[in-house]
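Asks: heads up, no residue letters with this:
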């Protein structure tokens, strides 16, 4: 595969420093940010290697966008934290039974930020070093199926896209993965019923000596059903996701779509594995994604380093460790808004609304340019006012106007942030501006169509605008089994009111 050449690297915009020795604490190493069209990359690794990682992400993103449209890659900022090696990444991995999970990298999807964490691949010369990068980014691109797809399909499809490569204007995915094939040749396949039962808490997904087979067989099954040699099953498999969207449970949707029983499919899957004919999928791109891409770089200050590492720990649920880094950052730079932003996010995670409002208010006073500071400040104001003993479901006019203005500031910094559009719509409903509310709630649904709460809020706005049949259709779609119980219950209540 051709390598993307980064203009910043070619023009010498960022000075390439010698890699720091391993005995230097991670937070004291020279960190830098590299920003591309879709990614904010933070690292203290060897710059040229980090630039290559950023280039691969942009190439993959551009190729996927040309196939699925620009909206498919639209999201809040994607932060990529690149550690210099796996050992330095270990203290920042999610925990499983109190120990760091066995992960080469991971993707964390949040409503306010998408985070990809990985380590530099080292001295390996082949393109397999980028498999984990593409795997993790695929989880973001396919996030709209996240609520309905079973785990085997999410991981299997991520593995299919992990083999992404290009030649000229042609891209390839679903190529053979040698280490999976070697493992599948040495161990018997899991019964499909067992594979389908694996979830995020299962040992087969988390434990080193068991997760390899789960990933390998998930890849094999997904590869067989999307790129395999049985055209009838490939055609039928396209109905699996629509059946899930209609509310069928995964096993029911799977057998209904393929029209075959699991034992027969297991036999067909073993035949496919033994034949070893993995051709992959190719598609022609309208543009050459190998063209050079530009990036901007800058060095991070110590307070930014502590904030970024604390933010990462916060997002993997290691709250106490995150707090220590935010407090240290505050001691280093008492006038910086960043520590307050971090402590505010921490307070949100802990359910401490008053503390969150206080911290974000301080961050704004200190000149924060983070759209999240304005959004979460507005969010906190809304919840404090709405939960007041005398609120009775109403917002005071002055509070509603303040929230309105804070959200306008958030939009100015980040126009395409779904939660801000949802909150703006809810506040505008409270202010009596149902038409404006509907516009913003429609935008929230466009940005995150997988979010059922946005769809519920939009249906409520449609009701208030007198669009009864439109609202009825939206509410009926929220009665399916794959919708959260709380949303389904509220949809049922609105339907009863409508009827």
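Replies: Okay, I see it. These numbers were taken from a predicted model, which means no experiment stands behind them. Numbering: from 1, shown residues only.

Asks: just the strands in the chain please.
Replies: In the chain, the segments counted as strands under DSSP state E are 32-35, 39-43, 78-83, 95-96, 99-100, 105-109, 114-119, 165-167, 170-173, 281-284, 296-299.

Asks: elements contacting the first one?
Replies: By that I understand strand 32-35. In this structure, strand 32-35 makes packing contacts with strand 39-43, helix 47-68, strand 296-299, judged by 3 or more CB pairs under 8 Å, 6 or more residues apart in numbering; DSSP states H and E. For every residue, glycine as well, the C-beta is placed using N, CA and C.

Asks: Give me the distance between the nearest residue to residue 413 once chain neighbours are set aside and residue 326.
Replies: The spatially closest residue to residue 413, leaving aside those adjacent along the chain, is residue 371, at 3.7 Å (CB to CB, 6 or more residues apart in numbering). Relative to residue 326, residue 371 is positioned 19 Å away (criterion: CB to CB, to the nearest Å).

Asks: So the two - more neighbours on which side?
Replies: When residue 371 is set against residue 326 and neighbours are counted by other CB atoms under 10 Å, the residue ahead is residue 326, at 26 against 21.

Asks: Contact partners for the more buried one?
Replies: Residues counted as contacts of residue 326 (CB atoms under 8 Å, 6 or more residues apart in numbering) are 306-307, 310, 339, 342-343, 346.

Asks: nearest spatial neighbour of it, skipping sequence neighbours?
Replies: Nearest one to residue 326, counting by CB to CB, 6+ apart, is residue 342 at 3.8 Å.

Asks: now residue 91
Replies: Nearest in space to residue 91, with sequence neighbours left out and distances taken as CB to CB, 6+ apart, is residue 100 at 7.4 Å.

Asks: Just give me the neighbour total for the one you found.
Replies: Neighbour count of residue 100, defined by other CB under 10 Å: 15.

Asks: Please look at it and residue 93 and confirm they touch.
Replies: Yes - using CB atoms under 8 Å as the test, residue 100 is close enough to residue 93 to be in contact (3.9 Å).

Asks: Name the residues linked to the residue nearest the centre of the chain by a beta bridge.
Replies: A centroid search over the chain (CA atoms, centre = their mean) returns residue 109, at 2.9 Å, as the residue closest to the centre. With DSSP bridges applied, residue 109 shows beta-bridge pairing to residue 114.

Asks: show me the contacts for residue 324.
Replies: Here residue 324 is in contact with residue 310 (CB under 8 Å, 6+ apart).

Asks: Leaving out chain neighbours, which residue sits closest to residue 248?
Replies: Excluding the flanking residues, the one nearest residue 248 by CB to CB, 6+ apart is residue 256, at 6.6 Å.

Asks: Report the contact partners of residue 218.
Replies: 151-153, 155-156, 159, 195.

Asks: Out of those residues, the closest to residue 486 would be?
Replies: Using CB to CB, the shortest approach to residue 486 within the contacts of residue 218 belongs to residue 151, at 22.8 Å.

Asks: so where's the stretch 101-250 of the chain uncertain?
Replies: Per-residue confidence for the stretch 101-250 of the chain (pLDDT under 70) gives these ranges: 122-129, 204, 206-209.

Asks: Tell me which stretches of it form helices.
Replies: Shown for the stretch 101-250 of the chain, the helices assigned by DSSP state H, counting those that start in this stretch span residues 131-141, 151-162, 178-186, 192-197, 203-206, 208-227, 231-237, 240-245, 250-258.
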